[in-house]
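Peer 1: Have a look at this prediction, sequence included:
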Amino acid sequence: EAGVTQSPTHLIKTRGQQVTLRCSPISGHTSVYWYQQALGLGLQFLLWYDEGEERNRGNFPPRFSGRQFPNYSSELNVNALELEDSALYLCASSGGRQRTNWAFFGQGTRLTVV
Amino acid sequence: AQTVTQSQPEMSVQEAETVTLSCTYDTSENNYYLFWYKQPPSRQMILVIRQEAYKQQNATENRFSVNFQKAAKSFSLKISDSQLGDTAMYFCAFMKPSLIQGAQKLVFGQGTRLTINP
């Protein structure tokens, strides 16, 4: 069974640009979570999507947004990139018919803003 | 709001030794889940073990076990017979299980960097 997959694995962007990160959940999972892991910091909750709807967002500015598609895959968009957006962005999935109460993570996208 | 605290930024032990990682949390909830995740240099976050708060019995997964003290809000991870492959960042996480909007997010501690030396 394929796990959570994220693309791209690495990305370098210039300050002010926009970026889109992608996540495919485990088959059957309906919830997708996005987390930011900045260097030296723990994981900070960004967004939670379930059944195509945004269910909750963390304490991040509106330039962080996303969406979930009918196949439950998800995109995270970051506009007007700032240097402090450099981080590892992790996607996780859970839920589905079994309503698993724990999340499985992808390998992350390393975003560097220069 | 829930908070999770890992008071040991770094730990180092010799291969085959037993090591215990500490985690405390703060919540007013009675029912919740607790997790330990491992993040090796490959960056993949791997679920190590989970504990449901309503279960008094401590969870075990092979060499990994937890000491769950609900009243003390403590959730430590014990790794027995440590192996070189156990070298990683370990994160303790809390989740409140509910279908109420926004309840499914994980709250993570700051992590403990564990090094297993040969």
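Peer 2: Noted; the coordinates are in hand.
Peer 1: Tell me the spacing between B:Phe91 and chain A.
Peer 2: To chain A, B:Phe91 is 7 Å away according to C-beta to the nearest C-beta, to the nearest Å. C-beta coordinates here come from the backbone N, C-alpha and C atoms, glycine included.
Peer 1: In what element of secondary structure is that residue found?
Peer 2: With secondary structure defined by DSSP states H and E, B:Phe91 is part of strand B:88-95.
Peer 1: How far off centre is that strand?
Peer 2: Strand B:88-95 sits 5 Å away from the centroid of its parent chain (C-alpha atoms, centre = their mean, to the nearest Å).
Peer 1: So for the residue lying closest to B:Pro40 once chain neighbours are set aside, what's the pLDDT?
Peer 2: With sequence-adjacent residues excluded and distances taken as C-beta to C-beta, 6 or more residues apart in numbering or on different chains, B:Pro40 is closest to B:Ala88, at 4.2 Å. pLDDT, B:Ala88: 96.
Peer 1: tell me the contacts of B:Ala88?
Peer 2: B:38-41, B:113-114 (C-beta atoms under 8 Å, 6 or more residues apart in numbering or on different chains).
Peer 1: Quick check: the gap between A:Gln18 and A:Phe64.
Peer 2: For A:Gln18, the distance to A:Phe64 equals 11 Å [C-beta to C-beta, to the nearest Å].
Peer 1: Now do the shared contacts for these two.
Peer 2: A:77-78.
Peer 1: which one of the two has more residues nearby?
Peer 2: Legend: neighbour count by other C-beta atoms under 10 Å in any protein chain shown for A:Gln18 and A:Phe64, higher for A:Phe64 (18 against 11).
Peer 1: Report the beta-bridge partners for the closest residue to the more buried one other than its chain neighbours.
Peer 2: Spatial nearest neighbour of A:Phe64, chain neighbours left out: A:Val78 (5.6 Å); criterion: C-beta to C-beta, 6+ apart. In this structure, A:Val78 bridges to A:Val19, A:Phe64 when assessed by DSSP bridges.
Peer 1: A:Ser31 now?
Peer 2: Here A:Ser31, judged by DSSP bridges, has bridge partners A:Asp50, A:Ser94.
Peer 1: Could you pull up the residues touching it?
Peer 2: A:25, A:48-50, A:55, A:93-96, A:103, B:104.
Peer 1: And B:Asp86, by the same measure?
Peer 2: When contacts are counted by C-beta under 8 Å, 6+ apart, B:Asp86 touches B:38, B:79, B:114, B:116.
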